[in-house]
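>>> Just need the structure, nothing else, for what follows:
(chains A, B and C)
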Amino acid sequence: MQLTSTGLKFPDPGAPLSTVGFADAVLRGFGQVMLQNNSYTGLLFLLGIAYNLPVLALAALLGTATSTAAALLLGVDRTLVRDGLFGFNGALAAIALLVFLQPTPLAWACVLIAAARSTIAMAALSEFSKVWSMPALTAPFVLVSWCFFLATARLGRLIPTGVLPAANLPKAAAVEGIVNASTVIDGLFNGVAQVFFQESAVTGVLFLLGLFLSSRLAGVAALTGSFTGLLIAWGMGASETSIHAGLFGFNSVLVAIALGCVFFAPGRVTTAYTFLALIATPVVTSAISAAAQPFGLPGLTLPFVVVTWLFLWAAPAFSQLRKEGTS
Amino acid sequence: MQLTSTGLKFPDPGAPLSTVGFADAVLRGFGQVMLQNNSYTGLLFLLGIAYNLPVLALAALLGTATSTAAALLLGVDRTLVRDGLFGFNGALAAIALLVFLQPTPLAWACVLIAAARSTIAMAALSEFSKVWSMPALTAPFVLVSWCFFLATARLGRLIPTGVLPAANLPKAAAVEGIVNASTVIDGLFNGVAQVFFQESAVTGVLFLLGLFLSSRLAGVAALTGSFTGLLIAWGMGASETSIHAGLFGFNSVLVAIALGCVFFAPGRVTTAYTFLALIATPVVTSAISAAAQPFGLPGLTLPFVVVTWLFLWAAPAFSQLRKEGTS
Amino acid sequence: MQLTSTGLKFPDPGAPLSTVGFADAVLRGFGQVMLQNNSYTGLLFLLGIAYNLPVLALAALLGTATSTAAALLLGVDRTLVRDGLFGFNGALAAIALLVFLQPTPLAWACVLIAAARSTIAMAALSEFSKVWSMPALTAPFVLVSWCFFLATARLGRLIPTGVLPAANLPKAAAVEGIVNASTVIDGLFNGVAQVFFQESAVTGVLFLLGLFLSSRLAGVAALTGSFTGLLIAWGMGASETSIHAGLFGFNSVLVAIALGCVFFAPGRVTTAYTFLALIATPVVTSAISAAAQPFGLPGLTLPFVVVTWLFLWAAPAFSQLRKEGTS
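Purely as a prediction, here's the structure:
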């Protein structure tokens, strides 16, 4: 093995993983949450979470390790595991479970179960979408987390925190609060931090550092995504608190990275196409958030998954676009 | 180019579109709402809307032109664009947005965005369902419109009209109102008019004229669909107001045209199979309407899409049926 | 034809069905509800229902016969029909309709319509999932039954019974009731009986007899499934009444049979994989039950379908598992 600019590189990626190789795969798992196959980037993401809430960093580490280990035990292709592709859904599921459920011993056990289950869901969704060469993105995480959140309505020992929205019928919104400079600045960085469900501008800056380390284009895309998400949401009358918290940022951040510099070859047409998707994202984010309301569910990163799938599925019909390999 | 009984015909359908060719494609887009590739039929549909609400005809024209233009700009296969296949979802999205949202300048901007997005959704769904050679039907329109309607719960500047149902929990219906001759006659023609979300018997008659112009069988199918929808809904205890307004007609109209004279070769078995589908449609229409209620959404043409997909997907298993090419 | 240990066997399975052959196919349809291609097993299932509620046994017989006959009339491959694969969804739909709807003449007519429609839905879902060689399982039954239950909110002559849950917003559960020996014993057998929506320990025992007759492994799997479902639900704080009624058993019973002894070759890895699925099932059962609550719908056997699909779809990624032919 050899140290490269993206972490460890192995002469035979199909060989069994050493302890160091496993750690590298886990860190790449963190990086893959923003579609970066880079263990240094993953380390900065982990630090960003630890800065805000150390216990969540621990849970995320546990989740990523569990889902990665489950993939190895079940015999998943090792090159995929090495690239962190069986880690990122476990990372997100672990964080989400401890953000939205009270940290009882049962909840910690569920973190392990959810992480392992995210490996099954990742394999299942990958097989399903293989027909179209579509990536599963963070859909496995959303499915698995939603199961546990919904189950709180039947299983009395799974206890939601106050952050889990109560089930409610959606009704027409009014324009609430006044957007000022602090809304825009905090919203911009919170928007990046919320990719891991953190609300902290410093965490957002650490995440951006990680992105720039891996790819300057990815860093610019993330900032652009967060900014357009915020701007369009503001223009269409979203509440100031949601803009300030970055809730209209994180899905746009992910869409911008995925379409702008991962799945298509960078260029003018790709940029234009990505902007089309970024215009759609705040409306889709609002729609999914409202649709999830009668179930008492948060939208998580489903808006990113839906918009990205839609624009990837549509691409073959558009002769102007050229698709690159998927990460 | 040459004038034929269905509109313009081009020697080289892959060549760039002239202004006249574009107008022909837009009118065919109107025709394709009822699966008719015929620009005269499209013109009659446009007149039918204009008779009832001129501003909606304008919006529909704008929507169809936008989605058609977007398809051309993105490089979609020009033969598909010429046939109006990238117009009909834009037409419906434009109308639905201005029926269910208040006509602010933002709503008009959303008409353009929704129409363009329907082109992306059409390309995406077509690619998805290509695996089974299934048509996307009006699913792109439903998806895009629902996004905007749901988003009204988060974006305060998107304001619903009184026509958008308030989110509510569905509960067991009682039999309401008394069906008389006027219910049946108005319901029959309103059922056809509601394909474009119009409630006007005259509009329904104009639409039927357009259909008969294109295909006598399509006209008969539309009338049969509207009538069976009304009859079964009545027999199963639907409210008089909904029957009178044609709300149990339009999905049945579309199912009858699609299965009875577009996707299968006409004949006795096709007719029997179409009737099976028409018996199912009022129940599916009710089910989707009730399922959409907690979200405050109208069912739109989703019942048509679901029933038609189901009966098209099932067809290969039934040796008695022969499938024709799709329109 | 010849009498074998699973019922009748025909020299030419593609030949037209005699009356006796039809009866054999109907009984196999009952057996296929628990994935057993065995007409004696089917007969014991029928007796189990008749012991508890004779009128439901009659309805189930009618439903299975109707969906089997519809398949024959439409020209479905006769070997599939003989194996009961076009009967089991009709059986379940017939029972569910008369459990959740009041037995008016219209409801009985709907039993016939729903059974015939389950044949269309079975053909459609089979064609859809053929791409991945996935079985449709009981998804056709769930789709068709849900349509009728939802439609009660629009069609006043379809009248729900008190068993159909009222539409409600899900909210966090408390731990309710005290689990004792009778909860566990009744819950264990009710869990098997609930596969056909029966709450009777004797019925559960008759079903188990049917299973053991067909395959000892299937019987053991069913008992294990019911027991783990009950145990995990109890540990996570499900209400005593739901555990006692077997509501956490039946989906686990089906998952255990499907994964443990039908779709994978029995062995240590298969057993471990099945246990992973059984750990997931009570959470998924709770989640689907809560998600169905705003619509006033019961979860039926959807949890079984979702868990089984997930674990079947994931299987190709796991080199440790070998897939068998599907039943």
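
>>> pLDDT wise, what is the nearest residue to A:Phe311 once chain neighbours are set aside at?
Nearest-residue entry for A:Phe311: A:Ala277, 4.8 Å, with adjacent residues in sequence omitted and distances by C-beta to C-beta, 6 or more residues apart in numbering or on different chains. The C-beta positions use only the backbone N, C-alpha and C, and glycine is treated the same way. You'll see A:Ala277 listed with a pLDDT of 98.

>>> Give me the distance between A:Ala277 and C:Ala181.
In this view, A:Ala277 and C:Ala181 are 59 Å apart by C-beta to C-beta, to the nearest Å.

>>> Have a look at those two and say which one is more surrounded.
Ranked by neighbour count (other C-beta atoms under 10 Å in any protein chain shown), A:Ala277 and C:Ala181 place A:Ala277 first, with 26 against 7.

>>> Now do the contacts for the residue in the stretch 201-327 of chain A positioned nearest to chain C.
Nearest residue of the stretch 201-327 of chain A to chain C, counting by C-beta to the nearest C-beta: A:Pro294, 4.3 Å away. Going by C-beta atoms under 8 Å, 6 or more residues apart in numbering or on different chains, A:Pro294 touches A:167-170, B:167, B:294-295, C:169, C:294.

>>> So it: helix, strand or coil?
When classified by DSSP: H, G, I helix; E, B strand; the rest coil, A:Pro294 comes out as helix.

>>> ok so, going back, distance to C:Thr270 added to the contacts of A:Pro294, as TSV?
TSV is the format used below for these (distance: C-beta to C-beta, whole Å):
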residue	distance to C:Thr270
A:Ala167	38
A:Asn168	43
A:Leu169	45
A:Pro170	44
B:Ala167	45
B:Pro294	40
B:Phe295	41
C:Leu169	40
C:Pro294	37
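
>>> so can I have a markdown table of the residues you listed showing distance to C:Ala60 and pLDDT?
Output for the contacts of A:Pro294, formatted as a markdown table (distance: C-beta to C-beta, whole Å; pLDDT from 0 to 100):
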| residue | distance to C:Ala60 | pLDDT |
| --- | --- | --- |
| A:Ala167 | 35 | 97 |
| A:Asn168 | 40 | 97 |
| A:Leu169 | 37 | 97 |
| A:Pro170 | 40 | 97 |
| B:Ala167 | 37 | 97 |
| B:Pro294 | 32 | 98 |
| B:Phe295 | 35 | 98 |
| C:Leu169 | 34 | 97 |
| C:Pro294 | 30 | 98 |
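
>>> Torsion angles phi and psi at the residue in the stretch 1-150 of chain A positioned nearest to chain B?
Nearest residue of the stretch 1-150 of chain A to chain B, counting by C-beta to the nearest C-beta: A:Val131, 5.8 Å away. Main-chain torsions, A:Val131, degrees, to the nearest 10: phi -50, psi -30.

>>> what's the spacing between it and B:Phe128?
Distance, A:Val131 to B:Phe128, by C-beta to C-beta: 9 Å.

>>> More neighbours: the two, which one.
Neighbour count, other C-beta under 10 Å: between A:Val131 and B:Phe128, B:Phe128 has more, with 20 against 12.

>>> Where does the more buried one sit: helix, strand or coil?
Following three-state DSSP, we place B:Phe128 in the helix state.

>>> quick one: it and chain C, what's the gap?
Separation of B:Phe128 from chain C (C-beta to the nearest C-beta, to the nearest Å) stands at 11 Å.

>>> residues touching that residue, list them.
By C-beta under 8 Å, 6+ apart, the neighbours of B:Phe128 are A:132, A:313.

>>> Look up the pLDDT of it for me, please.
96.

>>> Pull the number of nearby residues for A:Gly162.
Neighbour count for A:Gly162, taken as other C-beta under 10 Å: 8.

>>> And what about it, helix, strand or coil?
coil.

>>> Quick one: residues contacting it.
If you count contacts by C-beta under 8 Å, 6+ apart, A:Gly162 has none.

>>> how near is it to A:Ser118?
Distance of A:Gly162 to A:Ser118, given as C-beta to C-beta: 25 Å.

>>> and if you look at A:Ser289?
Applying C-beta to C-beta to A:Ser289 and A:Ser118 gives a distance of 22 Å.

>>> When these two are compared, which one has more neighbours?
A:Ser118 (32 against 25).

>>> Which of the three states applies to the residue nearest to A:Phe311?
Secondary structure assignment for A:Ala277 (three-state DSSP): helix.

>>> Might you report the residue contacts of it?
A:Ala277 makes contact with A:255, A:259, A:307-308, A:311 under the criterion C-beta under 8 Å, 6+ apart.

>>> hmm, 10 Å instead?
A:225, A:228, A:252, A:255-256, A:258-260, A:284, A:304, A:307-308, A:310-312, A:314, B:117, B:120 (C-beta atoms under 10 Å, 6 or more residues apart in numbering or on different chains).

>>> got it, and A:Trp132?
Contacts for A:Trp132 (C-beta under 10 Å, 6+ apart) come out as A:309, A:312-313, A:316, B:124, B:127-128, B:130-131.

>>> again with A:Ile178
Per C-beta under 10 Å, 6+ apart, neighbours of A:Ile178: A:Glu240.

>>> Quick check, pLDDT for it.
95.

>>> now A:Thr326
Confidence score, pLDDT, at A:Thr326: 43.

>>> now swap in A:Gly14 and tell me
Predicted confidence (pLDDT) for A:Gly14: 85.

>>> before we move on, back to that, do you know how far the residue of the stretch 1-150 of chain A closest to chain B is from A:Ser118?
From A:Val131 across to A:Ser118, the span is 21 Å (C-beta to C-beta).

>>> now A:Gly229
26 Å.

>>> Please apply the same query to A:Asn38.
Distance from A:Asn38 to A:Ser118, by C-beta to C-beta: 21 Å.

>>> could you dump the strand or helix carrying A:Ala258 to CSV, C-alpha only?
Following DSSP states H and E, one finds A:Ala258 within helix A:250-261. These are the backbone C-alpha positions of helix A:250-261, laid out as CSV (Å, rounded to 0.1, in the frame of the first residue of the first chain):
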residue,chain,number,x,y,z
PHE,A,250,-27.8,21.0,2.4
ASN,A,251,-29.8,19.3,-0.3
SER,A,252,-28.7,22.0,-2.8
VAL,A,253,-25.1,21.5,-1.7
LEU,A,254,-25.3,17.8,-2.5
VAL,A,255,-27.1,18.4,-5.8
ALA,A,256,-24.5,20.9,-6.9
ILE,A,257,-21.6,18.5,-6.1
ALA,A,258,-23.3,15.4,-7.6
LEU,A,259,-24.4,17.0,-10.9
GLY,A,260,-21.8,19.8,-11.2
CYS,A,261,-18.6,17.8,-10.6
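
>>> Do that helix and chain B come into contact?
No. Helix A:250-261 is not in contact with chain B by C-beta under 10 Å from any C-beta of the partner chain; minimum separation 11.7 Å.

>>> Give the helix, strand or coil label for A:Gly63.
Applying three-state DSSP: A:Gly63 is helix.
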